[in-house]
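Asks: Sharing a model prediction with you, sequence too.
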Amino acid sequence: MSATDPDPVENVVATISRSATEIRQGLVGRRGKADEENPSGETQAEADVWADQLLADRLSSIDGVGQYASEERSEIIDGGDEKVYVAVDPLDGSSNLKSNNTMGTVFGIYEEPLPAPGSALVASGWILYGPITTMACARDGTVTKYELTGGERTVVERDVTLPDDPLVYGFGGRVPHWHDEFREYVREIESNPEHKLRYGGAMIGDVNQVLTYGGIFAYPALEDSPRGKLRLQFEGNPIAHLIEAAGGRSSDGIQSILEVEPEDLHDRVPVHVGNVDLIERLENALE
Ligand SMILES: O=P(O)(O)OC[C@H]1O[C@](O)(COP(=O)(O)O)[C@@H](O)[C@@H]1O
Ligand SMILES: [Mg+2]
Ligand SMILES: [Mg+2]
């Protein structure tokens, strides 16, 4: 299928995957701060603002895209017809630009106007700017991994599933701000000699390790931030949709993240994703 495919979902995925190489190149020279705050009150990087504008221009002009929304802008951009509604985290982990560590781009394609619950997602995915640029994409209940080079998308694995034996774990938020129940759960995970810590400060880098090796990633509720840090529309829902399509589970601590009803476009949500057994144990621990 090409980027001019009449299927708007395919067209959005093709446009994001073609743009990824450009976004990666455009990071050079844009590693500074932008002197602006995003709607979550975080200082934006120059690259956050630039990548958001690039994706806004391209995605909102696709036939069938009714809305473009992003972590980096307060208001939704209305597109033409209304078939799908796109929510994007243009650069996930952009604070890693300073140290030149992993970052990503996250997208969710919803069949309901935003803000929408994750159960309205028809496709989701992420680009990972690692040593090479890769994409993981979930659609119709299956996950496909690609390598991206110069605008080309090459399948490297179809029907991707989480490995059965979990290997990696990564938990965000300052440890003194974790709730006691969560801290005890982490101790239990750490005490398993099969498990290894992996935390890189970019959700997509850490979640992609969970997809590759099995395990758990969480950015939990904190004592000073009851809804954690990550945003439901742009981060929590897309990774929950993809990890569930890969046979894993997601939870806000009580239920699948995909069941959380949004109240506001920029709502935050406690995020826990990974192998089914680890998420079930987490929900039991937080009960
Ligand atoms: O610096 P902390 O508290 O570990 O937070 C890291 C988390 O924040 C994020 O960077 C937030 O994403 P953005 O960079 O898109 O705001 C996640 O990627 C990551 O998991
Ligand atoms: Mg992010
Ligand atoms: Mg971001």
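Replies: Arrived safely. Ligands and ions are numbered 1, 2, ... in the order given.

Asks: Could you use CA atoms for every contact and neighbour count after this?
Replies: OK.

Asks: all helices of the stretch 101-250 of the chain, in order?
Replies: Using DSSP state H, counting those that start in this stretch, the helices of the stretch 101-250 of the chain run over residues 180-191, 203-213, 237-245.

Asks: pLDDT value on the residue nearest the centre of the chain, please?
Replies: Closest residue to the average C-alpha location of the chain: residue 235 at 3.9 Å, with C-alpha atoms, centre = their mean. The pLDDT attached to residue 235 in the predicted structure is 98.

Asks: Test my guess that it contacts residue 89.
Replies: Yes: when contacts are counted by C-alpha atoms under 8 Å, residue 235 is listed as touching residue 89 (6.7 Å).

Asks: anything in contact with each of those two?
Replies: Common neighbours of residue 235 and residue 89, using C-alpha atoms under 8 Å, 6 or more residues apart in numbering, are 106-107.

Asks: Show me which helix runs longest in this protein.
Replies: helix 8-26 (DSSP state H).

Asks: Would you map out the domains in this structure?
Replies: 8-157, 168-286 (automatic domain parsing).

Asks: Contacts for the longest helix of the chain, please.
Replies: 1-5, 47, 51, 55, 58-59, 62-65, 83-84, 109, 122-123, 127, 129, 133, 135, 148-153.

Asks: same check, this time on stretch 67-79
Replies: Contacts for stretch 67-79 (C-alpha under 8 Å, 6+ apart): 38-40, 44, 48-49, 52, 56, 59-62, 64-66, 82, 84-90, 113-114, 231, 234, 266.

Asks: CA atoms only: put that stretch into PDB for me.
Replies: Provided in PDB are the C-alpha atoms of stretch 67-79 (Å, rounded to 0.1, in the frame of the first residue of the first chain):
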ATOM      1  CA  GLN A  67      -8.600  15.600  14.200                       C
ATOM      2  CA  TYR A  68      -4.900  15.900  15.000                       C
ATOM      3  CA  ALA A  69      -4.000  16.300  18.700                       C
ATOM      4  CA  SER A  70      -0.700  16.200  20.400                       C
ATOM      5  CA  GLU A  71       0.900  16.400  23.800                       C
ATOM      6  CA  GLU A  72       2.600  19.600  22.600                       C
ATOM      7  CA  ARG A  73      -0.400  21.700  21.800                       C
ATOM      8  CA  SER A  74      -3.500  22.600  23.900                       C
ATOM      9  CA  GLU A  75      -6.000  22.600  21.100                       C
ATOM     10  CA  ILE A  76      -7.100  20.000  18.700                       C
ATOM     11  CA  ILE A  77      -6.600  20.700  14.900                       C
ATOM     12  CA  ASP A  78      -9.700  19.900  12.900                       C
ATOM     13  CA  GLY A  79      -9.100  18.000   9.700                       C
END
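
Asks: Tell me if it is near ligand 3.
Replies: No: Stretch 67-79 does not reach ligand 3 (C-alpha under 5 Å from the ion); its nearest approach is 6.3 Å.

Asks: buried sites along that stretch?
Replies: The neighbour-count check on stretch 67-79 (16 or more other C-alpha atoms under 10 Å) flags 67-73, 76, 79 as buried.
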